[in-house]
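# What would the 3D arrangement of this be:
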Amino acid sequence: MWKDGILADKKDLYIEEEEGDRNLGYTAPVQKSLEEIQALDKDDESLVKYKQTLLGKATLLADPSVQNVQVTRLTLLCDEAPRPLTMDLTEVSDQKDKKTISIKEGVTFRLKIDFKVNREIVSGLRYHHKMFRKGIIVDKQTCMAGSFGPKEEEQEFITPVDEAANGVMNRGHYQVKSCLKDDDKNVHLSWEWSLEINKDWTE
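Next up is the predicted model:
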């Protein structure tokens with residue numbers, strides 16, 4: 001991650017996300033509502049039990065004015081970190097105050113995103129991000145999370161292991177543009193944040 005500069009115009013971000021989807025080798029399934037899925041094979045007791053385990057309670061009551069997918073937190077998971085590195089995503093509408101996570105150079109880490117599905121199944125949920133330094137894209141990622149049914153509790157997915165850049169030339173401030181979307185191109189959350197790579201955790 002971040003070791004090779006990738007030149008790209010910011011106007012091409014949406015096109016690059018589409019290319020990222022194709023690189024996943026993923027084909028979106030035919031969309032069905034939660035009611036339609038629960039009605040399938042309703043005479044097969046074992047399958048009904050399986051769907052109940054997978055989808056949770058059938059009568060999940062959710063406020064229709066609330067988003068189907070609510071993204072709540074981003075956490076940078078790193079065994080070497082001296083403290084939790086968590087970002088609250090419940091209030092990200094004010095982009096004037098971009099949130100920052102600081103890490104030590106060269107460490108390995110993963111990103112964990114917590115979210116809640118309230119009403120309908122969300123298919124092909126995936127995480128995109130573009131990372132900039134001085135206006136140039138230095139990293140871009142597309143990570144498939146999967147499909148998730150509504151549940152009372154929060155759910156999560158974790159990205160593959162990544163490695164922060166190392167060396168004095170790579171230390172400093174990075175701007176990250178992230179989004180979480182699904183097969184129907186619904187963008188459940190789009191936000192900007194900052195990453196600081198330092199020589200040590202104490203900086």
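
# Residues in contact with stretch 77-94: which ones?
70-76, 99, 101, 103-104, 107-112, 158, 189, 191, 193, 201 (C-beta atoms under 8 Å, 6 or more residues apart in numbering). The way it works is simple: take the backbone N, C-alpha and C, and place the C-beta from them, glycine included.

# which ones among those are found in strands?
Members of those lying in strands (criterion: DSSP state E): 70-76, 99, 101, 103-104, 108-112, 158, 189, 191, 193.

# Which among those count as buried?
The neighbour count (16 or more other C-beta atoms under 10 Å) marks 70-71, 74-76, 101, 103-104, 109, 111, 189, 191, 193 as buried among those.

# Now distance to Val138 too, for those residues, in CSV please.
Below are these laid out as CSV (distance: C-beta to C-beta, whole Å):
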residue, distance to Val138
Gln70, 30
Val71, 24
Leu74, 19
Thr75, 22
Leu76, 17
Ile101, 16
Ile103, 15
Lys104, 18
Phe109, 16
Leu111, 16
Leu189, 23
Trp191, 19
Trp193, 15
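
# Taking the residues you listed, tell me the two that lie furthest apart.
In these, two members sit farther apart than any others by C-beta to C-beta. They are Gln70 and Lys104, at 31.6 Å.

# Now for the residue nearest to His188 when sequence neighbours are not counted: which residues touch it?
Excluding its sequence neighbours, the residue lying closest to His188 (C-beta to C-beta, 6 or more residues apart in numbering) is Val69, at 4.1 Å. Val69 sits next to 115-118, 122, 125, 180, 182, 186, 188-189 when contact means C-beta under 8 Å, 6+ apart.
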